[in-house]
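Asks: Just the structure for this:
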Amino acid sequence: MSSYIIKGGNKLEGTVRISGSKNASLPIIAATILNKGTTTLYNVPNIQDTQMMYEIIKLLGGKVQKKKNKVIINTSNINKYEIPDALMHKMRSSVIIVGSIVGRYKTATFTYPGGCEIGSRPIDLHLKAFEKLGIHINQNYGNITCNAEKIIGNKIDFDFPSVGATENAILASILAEGKTTITNAAREPEIIDLQNFLNKMGAKIKGAGTNEIEIEGVKKLKEISYNVMPDRIESGTFLCLAAITGGKIKLEKTNPNHLTPIIAKLEEAGCEIKIQKETIEIRRPQKIKSDRHKNNAISRISNRYAINNGSNIYNSQRNNNSSRKHIWKQIQICTRIK
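Replies: Next up is the predicted model:
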């Protein structure tokens, strides 16, 4: 469907278990290629983007087994290094798998990614980072080939803090010779989760969450199990939905530390919020506080979290946006639970 029709006027009330983060899951799934064995992941959201990453890994020669609450990925027999053009065009995040392929096999072939509602976002920072590591880039009519005799650690200084480029640079550096330093790195919680995952596998990374990350190359990684962090955008969306509709919602399996700014603004607007280790409860008062000299706090927050960050439940221009479908399903659950 291309749009959602919502009959308003109802408070949203109930309990929602927050999904694993899509933006953390995708680079972590890509990173499993660096491990020449089996990786078990928990809390991976069951959405189209993760399904497409599994398809890429299987087409490269890996195995993906999905069970009730976990995903088992075996990349020991990967024997192809070209990402299918059709999958690259469907999902922009597919470019994140390149760092792992070239990092392990010293070669990778792919085309420019697509599938992004934000519009065209160049990957020049990704390619420049690869070149700094001694990877040769050849571009020919939209096809990109990466080759290296060996990958050597170096200093990578980004023009601006790109999340995807930071992740790709980290992935390409894990098995490199020597030390790699990334400056002006992205600092999002998803970068920290990637660092935690890789370090548990045996990588040597420090500095994630700051603007400088250091990676000391290692020779191999080990098999592990890992829980992906909760989705902070989904959490923020439901907090705003409670505030907008005058409802009461309890979020389970979330991380309040990732939501400090939005919680502060919702409290400023008069919402009652109770926080425990992995839960947040929000209740909106009958009347929201506002300030004539400032934009209404709820309007500012809801615009950012419920619309701009990919969780717009009002209108979807992509028929296959599974993240939005998931949130819509959760909203329907809330309307039924009183």
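Asks: hey, what's K250 bridged with?
Replies: In this entry, K250 is beta-bridged to T15, E281, by DSSP bridges.
Asks: So E55 is in contact with L87, correct?
Replies: Yes: with contact defined as C-beta atoms under 8 Å, E55 reaches L87; the gap is 6.3 Å. (Each C-beta comes from the backbone N, C-alpha and C, glycine too.)
Asks: If you count surrounding residues, which of these two has more?
Replies: For E55 versus L87, neighbours defined as other C-beta atoms under 10 Å are more numerous around L87 (20 against 17).
Asks: Can you pull out the residues in contact with the helix or strand hosting that one?
Replies: Taking DSSP states H and E as the definition, L87 sits inside helix 85-90. Contacts to helix 85-90, defined as C-beta atoms under 8 Å, 6 or more residues apart in numbering, come from residues 52, 55-56, 59, 94-95, 110-115.
Asks: Name the spans of the stretch 51-200 of the chain whose pLDDT lies under the cut-off.
Replies: Residues of the stretch 51-200 of the chain meeting the criterion pLDDT under 70: 114-121.
Asks: redo that, cut-off 90
Replies: The stretch 51-200 of the chain contains residues with pLDDT under 90 at 67-69, 83-94, 111-123, 140-143.
Asks: Any idea how far the host helix or strand of A165 is from the middle of the chain?
Replies: Using DSSP H and E, A165 sits in helix 163-173. Distance, stretch centre to chain centre, for helix 163-173: 13 Å (C-alpha atoms, centre = their mean, to the nearest Å).
Asks: Go ahead and produce PDB holding the CA coordinates of that helix.
Replies: What follows is helix 163-173, C-alpha atoms only, in PDB (Å, rounded to 0.1, in the frame of the first residue of the first chain):
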ATOM      1  CA  VAL A 163      27.800   7.000   9.900                       C
ATOM      2  CA  GLY A 164      28.000   4.700   6.900                       C
ATOM      3  CA  ALA A 165      31.500   5.700   5.900                       C
ATOM      4  CA  THR A 166      32.700   5.400   9.600                       C
ATOM      5  CA  GLU A 167      31.200   1.800   9.700                       C
ATOM      6  CA  ASN A 168      32.800   0.800   6.400                       C
ATOM      7  CA  ALA A 169      36.200   2.200   7.400                       C
ATOM      8  CA  ILE A 170      36.000   0.200  10.700                       C
ATOM      9  CA  LEU A 171      35.000  -3.000   8.900                       C
ATOM     10  CA  ALA A 172      37.800  -2.700   6.300                       C
ATOM     11  CA  SER A 173      40.400  -2.000   9.000                       C
END
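Asks: Other residues contacting that helix?
Replies: Counting by C-beta under 8 Å, 6+ apart, 23, 27, 30-31, 34, 93, 95-96, 98-100, 102-103, 123, 125-126, 129-130, 133, 135, 151, 153, 156, 158, 180, 182, 185-186, 188, 190-191, 194-195, 198, 205, 213, 215, 217 sit against helix 163-173.
Asks: and the angle for the following helix or strand past that helix with helix 163-173?
Replies: Later in the chain than helix 163-173, the nearest helix or strand by DSSP H and E is strand 179-183. Relative orientation of strand 179-183 versus helix 163-173 (axes from the mean of the first three to the mean of the last three C-alpha atoms, to 10 degrees): 170 degrees.
Asks: Check which helices and strands the helix or strand following strand 179-183 sits against.
Replies: Reading on from strand 179-183 to the C-terminus, the next helix or strand found by DSSP H and E is helix 189-201. With contacts taken as 3 or more C-beta pairs under 8 Å, 6 or more residues apart in numbering; DSSP states H and E, helix 189-201 sits against helix 22-31, helix 163-173, strand 204-206, strand 224-227.
Asks: now the angle between helix 22-31 and the helix holding A165, please.
Replies: Going by the same axes, to 10 degrees, helix 163-173 makes 20 degrees with helix 22-31.
Asks: quick check: angle from helix 163-173 to helix 189-201?
Replies: Interaxial angle of helix 163-173 relative to helix 189-201 (the same axes, to 10 degrees): 10 degrees.
Asks: which helices and strands sit right next to the one helix or strand C146 maps to?
Replies: Assigned by DSSP H and E, C146 belongs to strand 143-147. When contacts are defined as 3+ C-beta pairs under 8 Å, 6+ apart, strand 143-147 packs onto strand 107-111, strand 136-140.
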